[in-house]
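> no sequence on this one, just coordinates:
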């Protein structure tokens, strides 16, 4: 999704109204309850919150010129990988095997067999259409953020096709966008 | 309320910006290696060993015992500007150059297009302002055909654009400025 993302793709950057800000904050804290205690630090109430609209209906939540969250259309907010690396426990994790790393880092969606094989791991509780962190076998840090296409149970039983949509991965356009001005 | 989670520090490689452990999947593992050996030897134990072997070989082959090489800096031994693409293809790095082109419109009016200034680290919006001031005409940053940004200046300013560029941005050498004439690149320095 962010494979070719540059700051040029941002069509509008708006400082949002306080009410919208509250809404964003609320939906983030609902999605990531573990993040709530630090949400005040991440999204200070005082400093302006900017929402950057990009192509393909992507919205970025930007604080102090640093993109922190993104979402698609009205979908759930997802943290950027840099944020997730700092707080890895906030998201449900799925782990892919070693062989899949290469493809995930090229932007491929995550196929079920990569999650169910020996090197992979699944959190049984993950429902369909939820944001998840994609970890990798033998690595500590997340390499991608995905959006599940089917629930963990289905991934296990069907074991075929796309299990998780790759939203944001290491070294994609969003990763390279450290600052927006 | 849960206790405040402490932000984790992640070791990022300055070369490819990835977390150190993902360097091997990064765009240019070779270039990351020297940094990795220095800063994260525990992640790639086999690398450190390899580097030691390599430098030993180099020392033998060249019979030059420079102190910098023994630190495992293999990158500065290959200065050629060749960029390896992930597919294994070798792509030549684009040489930074400024191309000036004159486009005639309405028969007697023209626009001068300046491309490639951004490659010298020039901020295009600043540049266009300066150009506009200097030549007392409209100057704007326009998105070019191939996603590159260029500056359009109204009027024919070919005659002293070269001087202006080299004076304003001293890091732009005169030899890097080209004129577009009849679809061919002609060096500005006659």
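Nice, I can see it. What you are looking at is a predicted structure, and each value in this text was computed from that prediction instead of being measured. Numbering: from 1, shown residues only, chains lettered A, B, ... in the order given.
> CA atoms for contacts and neighbours, from now on please.
Fine.
> which residues are in contact with the closest residue to chain B within chain A?
Chain A approaches chain B most closely through residue A:86 (4.3 Å), counting by C-alpha to the nearest C-alpha. Residue A:86 is in contact with B:6-10, counting by C-alpha atoms under 8 Å, 6 or more residues apart in numbering or on different chains.
> can I get the residues you listed in TSV with secondary structure, pLDDT and distance to residue A:123?
Shown next, in TSV, are those (DSSP: H, G, I helix; E, B strand; the rest coil; pLDDT from 0 to 100; distance: C-alpha to C-alpha, whole Å):
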residue	secondary structure	pLDDT	distance to residue A:123
B:6	coil	73	23
B:7	coil	75	23
B:8	coil	77	22
B:9	coil	79	25
B:10	coil	79	24
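> redo the residues you listed as JSON lines? Include neighbour count and distance to chain A.
Shown next, in JSON lines, are the contacts of residue A:86 (neighbours: other C-alpha atoms under 10 Å in any protein chain shown; distance: C-alpha to the nearest C-alpha, whole Å):
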{"residue": "B:6", "neighbour count": "9", "distance to chain A": "7"}
{"residue": "B:7", "neighbour count": "13", "distance to chain A": "5"}
{"residue": "B:8", "neighbour count": "12", "distance to chain A": "4"}
{"residue": "B:9", "neighbour count": "9", "distance to chain A": "6"}
{"residue": "B:10", "neighbour count": "14", "distance to chain A": "7"}
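> now residue B:14: how far from residue B:34?
The gap separating residue B:14 from residue B:34 is 11 Å, by C-alpha to C-alpha, to the nearest Å.
> more crowded one of the two?
residue B:34 (21 against 12; other C-alpha atoms under 10 Å in any protein chain shown).
> touching chain A at all, the strand or helix carrying that one?
According to DSSP states H and E, residue B:34 maps onto helix B:29-39. No. Using C-alpha under 8 Å from any C-alpha of the partner chain, we find that helix B:29-39 stays clear of chain A, coming within 12.9 Å at best.
> from the contact counts, what lies against that helix?
helix B:45-62 (3 or more C-alpha pairs under 8 Å, 6 or more residues apart in numbering or on different chains; DSSP states H and E).
> quick one: mean pLDDT for the helix it packs on?
Across helix B:45-62, the average pLDDT comes to 65.
> what about the nearest residue to residue A:125 once chain neighbours are set aside, how many residues nearby?
Excluding the flanking residues, the one nearest residue A:125 by C-alpha to C-alpha, 6 or more residues apart in numbering or on different chains is residue A:152, at 6.7 Å. When neighbours are counted by other C-alpha under 10 Å, residue A:152 registers 23.
> make sure residue A:152 is actually in contact with residue A:124.
Yes. Using C-alpha atoms under 8 Å, residue A:152 is in contact with residue A:124, at 5.3 Å.
> and the strand or helix carrying residue A:19, how far out from the chain middle?
Under the criterion of DSSP H and E, residue A:19 resides in helix A:18-31. Centroid separation between helix A:18-31 and its chain, computed with C-alpha atoms, centre = their mean, to the nearest Å, is 17 Å.
> now do stretch A:164-179
Distance of stretch A:164-179 from the chain centroid (C-alpha atoms, centre = their mean) equals 9 Å.
> same check on stretch A:111-124?
That offset, for stretch A:111-124, works out to 19 Å (C-alpha atoms, centre = their mean).
> span of it from start to end?
Terminal-residue distance, stretch A:111-124 (C-alpha to C-alpha): 16 Å.
> would you mark the buried spots in it?
Using 16 or more other C-alpha atoms under 10 Å in any protein chain shown as the test for burial, stretch A:111-124 gives A:111-116, A:119-122.
> check stretch A:93-113 too.
Here stretch A:93-113 shows A:93-97, A:100-101, A:104-113 as buried, counting by 16+ other C-alpha under 10 Å.
> now swap in stretch B:161-170 and tell me
B:161-162, B:165-166.
> likewise for stretch B:178-185?
Within stretch B:178-185, the residues scored as buried using 16+ other C-alpha under 10 Å are B:178-180.
> burial measure for the closest residue to residue A:43 other than its chain neighbours, as a count.
Residue nearest to residue A:43 in three dimensions, not counting chain neighbours: residue A:63, with 6.7 Å by C-alpha to C-alpha, 6+ apart. If you count neighbours by other C-alpha under 10 Å, residue A:63 ends up with 20.
> just to be sure, residue A:89 is in a helix?
Yes. Under DSSP: H, G, I helix; E, B strand; the rest coil, residue A:89 falls within a helix.
> residue B:21 and chain A, how far apart?
When C-alpha to the nearest C-alpha, to the nearest Å is applied, the distance between residue B:21 and chain A equals 7 Å.
> so that residue, which of the three states?
What three-state DSSP gives for residue B:21 is helix.
> contacting residues for it?
A:139, B:43.
> tell me the predicted confidence for it.
Looking at residue B:21, its pLDDT is 81.
> contacts only, for residue 40.
No chain in the question, so chain A it is. Contact analysis of residue A:40 by C-alpha under 8 Å, 6+ apart lists nothing.
> I was after chain B.
Residue B:40 touches residue B:20, counting by C-alpha under 8 Å, 6+ apart.
> could you redo the last one with a cut-off of 10 Å?
With contact set as C-alpha atoms under 10 Å, 6 or more residues apart in numbering or on different chains, residue B:40 has these partners: B:11, B:13, B:20-21, B:33-34, B:48.
> how much space separates it from chain A?
Taking C-alpha to the nearest C-alpha, one finds residue B:40 at 14 Å from chain A.
> give me the buried positions along the helix or strand following the helix holding residue A:19.
Using DSSP H and E, the helix or strand that follows helix A:18-31 in sequence is helix A:36-42. By 16+ other C-alpha under 10 Å, the buried positions in helix A:36-42 come out as A:36, A:38-39.
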